[in-house]
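A.B. asks: All I have is the shape, not the residue letters:
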């Protein structure tokens, strides 16, 4: 189905992501209307997760464009990121990261930087009495949050 230009909430054209000599996403493009439900299907290694990471602005693309409601998604501070909601497939904590690193990662996704980010991390860790073990990961034997 072709989405009329005026109805396009998300438009991706020619997106490419490479890791060294490996091309994970090669020229992917699509348009999604505001009321449309869209899914990415494919085998492991097809580039689905990489595509979603680029759409959320978590991962930089090597080329191509992403437009959200007509606003280009360019860089971490892009206003277009405010129009993105993302629900991960699994629990939204990364076991290889410490509590502090998880909070920093997700804070940056929300556009927090500098002293505002640091202050909010300290507040969150203090509020749950987690400050003493913030450097440890689940791999170090720490129970998940």
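C.D. replies: That came through fine. Please read these numbers as outputs of a predicted model, since none were measured by experiment. Residues are numbered from 1 along each chain as shown.

A.B. asks: Scan this protein for its longest helix.
C.D. replies: In the chain, with assignment by DSSP state H, the single longest helix is helix 114-127.

A.B. asks: Which strands and helices lie in contact with it?
C.D. replies: helix 99-109 (3 or more C-beta pairs under 8 Å, 6 or more residues apart in numbering; DSSP states H and E). To be clear about C-beta, it is placed using only N, CA and C from the backbone, and glycine gets the same treatment.

A.B. asks: Now do the helix it packs on and helix 114-127, the angle between them.
C.D. replies: With axes from the mean of the first three to the mean of the last three C-alpha atoms, to 10 degrees defining the directions, helix 99-109 sits at 140 degrees from helix 114-127.

A.B. asks: Now do the buried residues in helix 99-109.
C.D. replies: Within helix 99-109, the residues scored as buried using 16 or more other C-beta atoms under 10 Å are 99-100, 102-104, 107.

A.B. asks: and what of stretch 41-61?
C.D. replies: 47-51, 53-57, 61.

A.B. asks: Turn the residues you listed into JSON lines, columns for pLDDT and distance to residue 118.
C.D. replies: Putting the buried residues of stretch 41-61 into JSON lines (pLDDT from 0 to 100; distance: C-beta to C-beta, whole Å) gives the following:
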{"residue": "47", "pLDDT": "90", "distance to residue 118": "35"}
{"residue": "48", "pLDDT": "89", "distance to residue 118": "34"}
{"residue": "49", "pLDDT": "86", "distance to residue 118": "29"}
{"residue": "50", "pLDDT": "88", "distance to residue 118": "30"}
{"residue": "51", "pLDDT": "90", "distance to residue 118": "32"}
{"residue": "53", "pLDDT": "83", "distance to residue 118": "25"}
{"residue": "54", "pLDDT": "85", "distance to residue 118": "28"}
{"residue": "55", "pLDDT": "85", "distance to residue 118": "28"}
{"residue": "56", "pLDDT": "80", "distance to residue 118": "23"}
{"residue": "57", "pLDDT": "76", "distance to residue 118": "22"}
{"residue": "61", "pLDDT": "88", "distance to residue 118": "29"}
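
A.B. asks: Alright, calling it a day.
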